[in-house]
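>>> sequence? don't have it. structure:
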């Protein structure tokens, strides 16, 4: 019912910017779309989420004031603008979706993309 495809990852120097996108092919109502990331040897962690109902945006403390999540409902596309990147932001970034409201736990998301690699060099 839902397919998510990420794009836009790559290599960037510390202090630089990058935008990743997630195109959703949906046949059902999706309330929350979110970004998670997973670095080698670490658990998948919440980055940011956008809820269609109410338009709320939620960020992890580690990315607040540096990352901006946005969503184009007409295009069914989710974006993550990442500024002031540092090597600790290096990870595979995953797009996720669920029918309900925002959750910080990856176990609560029903749909996942394949991920896009973001590497920040020092």
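That came in fine, so what should we check first? This is a predicted model, so every value here is computed, not measured.

>>> tell me the centre residue of this structure?
The structure's the chain has its C-alpha centroid closest to residue 35; by C-alpha atoms, centre = their mean the separation is 2.0 Å.

>>> what is the helix or strand where it lies packed up against?
Using DSSP states H and E, residue 35 falls within strand 32-38. For strand 32-38, the elements it packs on are strand 18-26, strand 45-51, strand 77-82, strand 91-98, judged by 3 or more C-beta pairs under 8 Å, 6 or more residues apart in numbering; DSSP states H and E. Placement of C-beta: from N, CA and C, glycine included.

>>> show me the contact partners of that strand.
20, 22, 24, 44-52, 69, 71, 78, 80, 89, 91-103, 106, 109, 115, 118 (C-beta atoms under 8 Å, 6 or more residues apart in numbering).

>>> now residue 29. Nearest residue, chain neighbours left out?
In space, and not counting its chain neighbours, residue 29 is closest to residue 99: 6.6 Å by C-beta to C-beta, 6 or more residues apart in numbering.

>>> is it true that residue 18 touches residue 66?
No - between residue 18 and residue 66 there is no contact under C-beta atoms under 8 Å: 11.3 Å.

>>> anything in contact with each of these two?
82, 85.

>>> of the two, who's got more company?
Remark: of residue 18 and residue 66, residue 18 carries more neighbours, 20 against 15, as counted by other C-beta atoms under 10 Å.

>>> what's the angle between the strand holding residue 35 and strand 18-26?
130 degrees (axes from the mean of the first three to the mean of the last three C-alpha atoms, to 10 degrees).

>>> sheet-wise, list the partners of strand 32-38 with their directions.
strand 45-51 (antiparallel), strand 91-98 (antiparallel) (DSSP bridges).

>>> and the contacts of the helix or strand following the last one?
Downstream of strand 91-98, the next assigned helix or strand under DSSP H and E is strand 111-112. Surrounding strand 111-112, the residues in contact under the criterion C-beta under 8 Å, 6+ apart are 1-4, 30, 94-98.
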